[in-house]
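Peer 1: Pasting the sequence and the predicted model now:
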Amino acid sequence: MSEADAAKIPVTVLTGFLGSGKTTLLNRLLRRPAMAGAAVIVNEFGEVGLDHLLIEASEEQFTLLDNGCVCCTVRGDLVETLKELERRSRRGETPRIERVVIETTGLADPVPILHTLIAEPELAARFRVGGIVTTVDAVNGFATLGRHAEAAKQIAVADHLLVTKTDLASPETVQALGRRLDALAPTATRGIASNGEADFAALDALAEDETGKRKRLAAWLEKATALPVHGLMHEHGHAGHDCGPDCDHDHSHHHHAHDHGIRSYSFVIDEPVEWASFARWLDYLAMLKGEDMLRMKGLVCRADDPARPMVLHGVQHVFHPPVRLDAWPSADRRTRLVFIVRGIAREMIATTLVKFAGIGAGSIDPPARSAA
Ligand SMILES: Nc1nc2c(ncn2[C@@H]2O[C@H](COP(=O)(O)OP(=O)(O)OP(=O)(O)O)[C@@H](O)[C@H]2O)c(=O)[nH]1
């Protein structure tokens, strides 16, 4: 690597489909002493994000971009955030930044992010791409690849693939997924991330491998834009958060492939919930709508233990065992639920919440209109 490149700050892009284990990996990664000088930028998809409450990074280390998807609406925010981080580090206003990790949303196209890092002169002078790491869920990954072009693209542009949740999948499923990954990303290295635990030395090496990356970059961009996306190219307007009037989408430079019909809903519930009926409601949703329930996250106030919230993670049919926190991560002690769904109406979720979980319609914000 040239001296000039060595002086630049490596940026690792951490991507992977919804619920594939990005945040779990990031939390483990941040516990390493080597990451003390890392700045973390997280882009959340959803009206009310929860990730920022669950990521174990110091306030100084962490920036949340939650005003849209980093591959389009908040691309300008990303540029400004990176510039500001570097400026403050250079002036000694913050501890020196030695590395940046960007966690994308599960629906992001990493190509525009790469493009931004390389094409924006001020960024290119101070940062270099330190690798694209893509998490792939062993349970849902194979089926997801058939349904969501974003997932295929995230894999196709990866330098390093980390297969997650192998503890939950049969060896045959893992092997079949491996063959698919070989075909989609023949040059990517591959490892396993088990509940976030992975060969982090491989990620460090990636951050240093500038020469190899440069060579592959043109091929990535070419391959990624050529990838068939089931007729969804140029889909303008995002799932759940429209690009809006401020959109800086550059349609001539990248194709956007967010699935049509994907929506993000969030609900806040004022009253503590009866856990048994709430869990029954979740089972009902997973059984009836699992395939289209792309992602569900929740922070739940239980009536029988209101001081210790439950963290919920649903990924399609899979509901991961809920985790009980020792305390609320912020002063807000209300139950908050975020859903990312395909073709499911907000009202369906709200009405079943009232009917099956026994929540008073008046306690739900936004209210369940037809359920009252
Ligand atoms: N059993 C098992 N569960 C895992 C593993 N990795 C992650 N999970 C669980 O999968 C769920 C989703 O993980 P996250 O890390 O939040 O996934 P994500 O990719 O950040 O999700 P989004 O940001 O919504 O796209 C959580 O309940 C994790 O505990 C694993 O290797 N094994």
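Peer 2: Right, received. Where do you want to start?
Peer 1: Find the nearest non-adjacent residue to the residue in the stretch 101-250 of the chain positioned nearest to the ligand, please.
Peer 2: Nearest residue of the stretch 101-250 of the chain to the ligand: residue 106, at 3.1 Å (C-beta to the nearest ligand atom). Every C-beta, even on glycine, is put in place using the N, C-alpha and C of the backbone. Closest residue in space to residue 106, ignoring its immediate chain neighbours: residue 18 at 3.2 Å, by C-beta to C-beta, 6 or more residues apart in numbering.
Peer 1: My read is that the one you found contacts residue 315, right?
Peer 2: Yes. With contact defined as C-beta atoms under 8 Å, residue 18 reaches residue 315; the gap is 6.8 Å.
Peer 1: quick one, which of those two is more surrounded?
Peer 2: residue 315 (26 against 23; other C-beta atoms under 10 Å).
Peer 1: quick one: low-confidence ranges for the chain?
Peer 2: Applying pLDDT under 70 to the chain flags residues 1-4, 46-49, 51-52, 56-58, 66-74, 209-260, 367-372.
Peer 1: Tell me where it has helices.
Peer 2: Secondary structure of the chain (DSSP state H): helices at 3-6, 22-30, 51-54, 75-90, 110-119, 121-126, 141-147, 149-156, 171-184, 200-208, 210-226, 275-289, 346-357.
Peer 1: Can you lay out those as a markdown table showing mean neighbour count and distance to the ligand?
Peer 2: Below are the helices of the chain laid out as a markdown table (neighbours: other C-beta atoms under 10 Å; distance: least, C-beta to the nearest ligand atom, whole Å):
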| stretch | mean neighbour count | distance to the ligand |
| --- | --- | --- |
| helix 3-6 | 10 | 30 |
| helix 22-30 | 21 | 3 |
| helix 51-54 | 17 | 6 |
| helix 75-90 | 17 | 17 |
| helix 110-119 | 21 | 13 |
| helix 121-126 | 14 | 24 |
| helix 141-147 | 19 | 11 |
| helix 149-156 | 25 | 11 |
| helix 171-184 | 15 | 12 |
| helix 200-208 | 17 | 15 |
| helix 210-226 | 14 | 19 |
| helix 275-289 | 16 | 13 |
| helix 346-357 | 18 | 17 |
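Peer 1: Make a markdown table from these and add distance to residue 44 to it.
Peer 2: Formatted as a markdown table, the helices of the chain follow (distance: least, C-beta to C-beta, whole Å):
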| stretch | distance to residue 44 |
| --- | --- |
| helix 3-6 | 31 |
| helix 22-30 | 10 |
| helix 51-54 | 5 |
| helix 75-90 | 12 |
| helix 110-119 | 15 |
| helix 121-126 | 22 |
| helix 141-147 | 19 |
| helix 149-156 | 16 |
| helix 171-184 | 26 |
| helix 200-208 | 22 |
| helix 210-226 | 23 |
| helix 275-289 | 21 |
| helix 346-357 | 19 |
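Peer 1: one step back: so for residue 18 and residue 315, which residues contact both of them?
Peer 2: Counting by C-beta atoms under 8 Å, 6 or more residues apart in numbering, the residues touching both residue 18 and residue 315 are 294-295.
Peer 1: circling back: quickly note the distance from the residue nearest to residue 106 to the ligand.
Peer 2: Distance, residue 18 to the ligand, by C-beta to the nearest ligand atom, to the nearest Å: 4 Å.
Peer 1: give the contact list for that residue.
Peer 2: Counting by C-beta under 8 Å, 6+ apart, residue 18 touches 45, 105-107, 294-295, 315, 340.
Peer 1: How is this protein partitioned into domains?
Peer 2: With domains defined by automatic domain parsing, the chain comprises 3-226, 262-371.
Peer 1: can you give me how far the first one is from the chain middle?
Peer 2: In this case it means domain 3-226. Relative to its parent chain, domain 3-226 has a centroid offset of 9 Å by C-alpha atoms, centre = their mean, to the nearest Å.
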